[in-house]
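Novice: No sequence on hand, only this structure:
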């Protein structure tokens, strides 16, 4: 197949027509983005696996409803965000308590992980879900305010405000504040 046949718009069109190969390519191209996002959001390997599986199942079922106004990865992240919110509602939590910092890193990652990284993960995990989600989407994935607004279903001004206060909270706690 030529590169032209592998562009995202064409793959989406083919996936909507029932082409499983095209859908698998879309998933393969976006899987690491999805999994990395969910791992940062949940800070829990097992929960990440569950949310990713539910997200992919939802994507398979609802591929016909996808409109390519946004990137396919943005759509997957929006689904994952909603699945995570559903999980939080189900277990009646507003914040996930810090239990264990993920230990599923390879040797290189273990060497790179220092006390500062552990501290940032603790701070992120302790943040309210709405601020944490926006912070991760902006600073780890580089989404624009408009894209984040669409993913989390809130006005751009709210996105900017949550990001601002989230960053202030991280800096304050990282510098020893409460």
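Specialist: Received the coordinates, thanks. The shown structure was predicted, so the numbers you read here are calculated from the model rather than taken from an experiment.

Novice: so how far is residue 162 from the most centrally placed residue in the chain?
Specialist: Nearest residue to the geometric centre of the chain (C-alpha atoms, centre = their mean): residue 37, 3.1 Å. Between residue 37 and residue 162 the distance is 17 Å, computed by C-beta to C-beta, to the nearest Å. C-beta: built from backbone N, CA, C; applies to glycine.

Novice: before we move on, what about residue 74?
Specialist: With distances taken as C-beta to C-beta, residue 74 is found 18 Å from residue 162.

Novice: residues near residue 144, how many?
Specialist: Residues near residue 144, counting by other C-beta atoms under 10 Å, number 12.

Novice: pLDDT at it, what is it?
Specialist: Looking at residue 144, its pLDDT is 89.

Novice: List the contacts of it.
Specialist: Residue 144 makes no contacts at all, as judged by C-beta atoms under 8 Å, 6 or more residues apart in numbering.

Novice: lowest average confidence, helix or strand, in the chain?
Specialist: Of the helices and strands making up the chain, the lowest-confidence element is helix 107-112, at a mean of 48, by mean pLDDT, DSSP states H and E.

Novice: For this protein, which segments are assigned as helices?
Specialist: Counting by DSSP state H, the chain has helices at residues 8-16, 20-42, 45-62, 72-90, 107-112, 115-126, 129-139, 145-152, 156-174.

Novice: in this protein, which segments are predicted with low confidence?
Specialist: For the chain, the stretches flagged by pLDDT under 70 are 1-6, 92-118, 174-178.

Novice: go again using 80 as the cut-off
Specialist: Flagging of the chain using pLDDT under 80 yields the residue ranges 1-6, 91-121, 170-178.
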